[in-house]
Structure formats: structure tokens, C-alpha cells
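In: here is the input, now give the coordinates:
(one chain, ligands or ions: 1)
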Amino acid sequence: MNLTDRVVVITGGAGGIGSALARRFAAEGAAAVVVADLDADAARTVADGVGPVAHAAALDVTDEEQVRALVADTERRYGRIDLFCANAGVTTSGGVEVDDAGWDRAWRVNVLSHVYAARAVLPAMLARGGGYLLHTCSAAGVLTAVGDAAYTTTKHAAVGFAEWLSVTYRDQGLRVSALCPQGVDTPMLAEGLAAGHLGARVIAASGAVLSPDQVADSVVTGLAEERFLILPHPEVAAYALRRAEDPDGWQAGLRKLVRRLRA
Ligand SMILES: NC(=O)c1ccc[n+]([C@@H]2O[C@H](COP(=O)([O-])OP(=O)(O)OC[C@H]3O[C@@H](n4cnc5c(N)ncnc54)[C@H](O)[C@@H]3O)[C@@H](O)[C@H]2O)c1
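Out: The predicted model follows:
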């Protein structure tokens, strides 16, 4: 898929990666870019910066009615949605001690919101014989996010759901990509580093921390190639291979890195 004349919705569009996607999609010639976020003021600021093709929307992705209403409103305004980017995500920065409310929030934002988006856009996309879903997952969804049990678990679920959609609907014209970056220089990672969280330090020590614009470059290439797995950090493919071939050796290497960072 190229972005020219496309109608795009981006959830978490006010954040680091979401706002870079909005700017980049507009630069690629998108017809409309809907910047949807829980933080409505920030979404408006991003949309204003992107220019006249952008439109801001207040959205809590964990509320299925709101997701349905946003999709209906976008289809009414622009006639269709070509690309829906389920990009909003949250971390917990904790392990098994994180309370049920924390696990529930991670599950709802990182996984269930992708189900709500698919339910809302699939009927029109399948009727038209085409459409694209970009799910921002994480390298944590194919590896492990040290220091964040709920993030690891829900991002694995998000990759699983994206793969299921791709296998099930590709022959009907639907395209699905799972975006799985490692470290990206956004408030999510910056706040973790500022707080000294082990997980954020492991990410920073595991490879390059990319800018959101570099991630947007990878997304545009990945969408053009209609690739399922979009890996802005190519080393993640090597890590995933090593993990699959030798899980014990992979985990031992990760524990060694953690011991080094803790020393
Ligand atoms: N930053 C990284 O290192 C990194 C790495 C891999 C994956 N990711 C993923 O990339 C995505 C974007 O994260 P980011 O790094 O840009 O972080 P960010 O914190 O800058 O942006 C996240 C955005 O999601 C919004 N959001 C949170 N809950 C929401 C809700 N319920 N409804 C609507 N919007 C909501 C926030 O308001 C924020 O604008 C997330 O899914 C994240 O898990 C980030």
C-alpha cells in the first residue's frame, strides 16, 4: 500500500510514534489523517501541526462505543478508511505485583482495543475487498520486556491477534502489519529512563534508540511491501531467531545483561 490519497486513522496519534506517523502519512500524500487520542488537546496540537488533511478526535480506545463512533464518523466524513493504525499503548513498569487494575488497563489498551478496531472496520473493508490494519505491538511481543510482565504478556497477545487476522482475512483483501520496534525516543521510554526503571535501561542497552521519524520511515517501507512484521530495529529478527532456536541460551544472555546493569 502506498499512502497517496489514503484515509488513515491513528490511535495514540498524539504520542511519539503516532504523531510521527501522522506527519509522515500526510507528507506521503494521504487524503485524510485522523489523529485520535485520549489526550484531546494534544491530538489537536498534532493535527494543527500536520495541516489541513489532519483532523483531531478525542478517543478512549478501551471504550468500544467510542471506537465504533469514530469509525462511523470517519467513514461519513471521508467515505472510507483505508488504513487503521491501532497504535495507542501503555506500560506498567512492574512484575507480578502489579494489581489487577494495572493488568486490566494493559490488556484493554494493548490488546482489546485492537479487537474493537478490527470489529469496527472489518465489515466495510471486507465489503470493499481491501483495507489495511497496522497494529503497533513491540519487540516485547516477540521477545521479552525485562521489568514489565503485563507489557510483555499483552504485546505477545497483540502480535498473536494481528497474525490471526492476517491468516484469516488476507485472501479477502485485508492486509495486516505488526509494528515491533525496540527502543524509540518517545515520552514512554524517556519517562522510564528518567525514573531509572530496569526495563527502560535494558532497552537502551540492547540496541539503537530510534527516533519516531525513523520508525515512520520503516512503517512506510513496510506498508509499501505489505510485510506482516515491520521491524525498525533489524537486530530484533536475529534475537527472535536465537530465542526460537535456543530459548535457554537466549534467556541466559538476557539475564547476564540484567546482572550487568544491576551491578
Ligand atoms: N517508545 C518505545 O520504545 C516503544 C517501543 C515499542 C513499542 N512501542 C509502542 O508504540 C506505541 C506508541 O507508543 P509511544 O512510544 O509513541 O508512546 P507515547 O506514550 O508517546 O504515546 C502513546 C499515546 O497513546 C495514548 N493513549 C494511551 N492510552 C490511550 C487510550 N486508552 N485511548 C487512546 N489513546 C491512548 C497516549 O495519550 C499517548 O498519546 C505503543 O503501543 C507502545 O507500546 C513503543
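In: contacts only, for the residue nearest to Arg119 when sequence neighbours are not counted.
Out: The shortest distance from Arg119 to any non-neighbouring residue, by C-beta to C-beta, 6 or more residues apart in numbering, is to Glu64 (7.5 Å). Any C-beta I mention is one placed from the backbone N, CA and C, and that applies to glycine too. Contacts here follow C-beta atoms under 8 Å, 6 or more residues apart in numbering; on that basis Glu64 touches 116, 119-120.
In: what about 10 Å?
Out: Contact analysis of Glu64 by C-beta atoms under 10 Å, 6 or more residues apart in numbering lists 112-113, 115-117, 119-120.
In: cool, Ala117 as well?
Out: Ala117 makes contact with 9, 11, 61, 64, 67-68, 70-71, 81, 84-86, 88, 133, 135, according to C-beta under 10 Å, 6+ apart.
In: how does it look with 6 Å?
Out: For Ala117, the contacting residues are 67, 84, 86, by C-beta atoms under 6 Å, 6 or more residues apart in numbering.
In: quick check: nearest residue in space to it, chain neighbours excluded?
Out: For Ala117, the spatially nearest residue (C-beta to C-beta, 6+ apart) is Ala86, at 4.7 Å.
In: isn't the one you found right next to Cys137, touching?
Out: No. Counting by C-beta atoms under 6 Å, no contact exists between Ala86 and Cys137, whose distance comes to 9.4 Å.
In: quick check: closest non-adjacent residue to Arg227.
Out: Going by C-beta to C-beta, 6+ apart, Arg227 has Ser177 as its nearest residue, at 6.3 Å.
In: should've said Ala42
Out: Leaving aside its chain neighbours, Ala42 sits nearest to Ala14 (3.6 Å; criterion: C-beta to C-beta, 6+ apart).
In: and the one you found, helix, strand or coil?
Out: The three-state assignment at Ala14 reads coil, by DSSP: H, G, I helix; E, B strand; the rest coil.
In: distance check, it against the ligand.
Out: Distance, Ala14 to the ligand, by C-beta to the nearest ligand atom, to the nearest Å: 4 Å.
In: contact partners for that residue?
Out: By C-beta under 6 Å, 6+ apart, the neighbours of Ala14 are 37, 39, 42-43, 46.
In: any of those buried? List them.
Out: 37, 42-43, 46 (16 or more other C-beta atoms under 10 Å).
In: closest one to Gly94 out of those, please.
Out: Within the buried ones among the contacts of Ala14, proximity to Gly94 (C-beta to C-beta) peaks at Asp37, which comes in at 24.1 Å.
In: can you tell me the helix or strand for Cys85?
Out: Element membership of Cys85 [criterion: DSSP states H and E] is strand 83-86.
In: pLDDT on the next helix or strand after that strand, on average?
Out: Using DSSP H and E, the helix or strand that directly follows strand 83-86 along the chain is helix 100-107. Average pLDDT, helix 100-107: 98.
In: which outside residues touch helix 100-107?
Out: Under C-beta under 6 Å, 6+ apart, the answer for helix 100-107 is 90, 92, 150, 154.
In: from the chain's centroid, how far away is it?
Out: Relative to the centre of its chain, helix 100-107 is centred 18 Å away, using C-alpha atoms, centre = their mean, to the nearest Å.
In: I'd like the numbering to begin with 7 instead of 1 from here.
Out: Happy to do that; since the first residue is 7 now, the last one works out to helix 106-113.
In: that one near the ligand at all?
Out: No. On the criterion C-beta under 6 Å from any ligand atom, helix 106-113 is out of touch with the ligand, staying 8.1 Å away.
In: with stretch 142-149 instead?
Out: Yes. Applying C-beta under 6 Å from any ligand atom, one finds stretch 142-149 touching the ligand at 142, 144.
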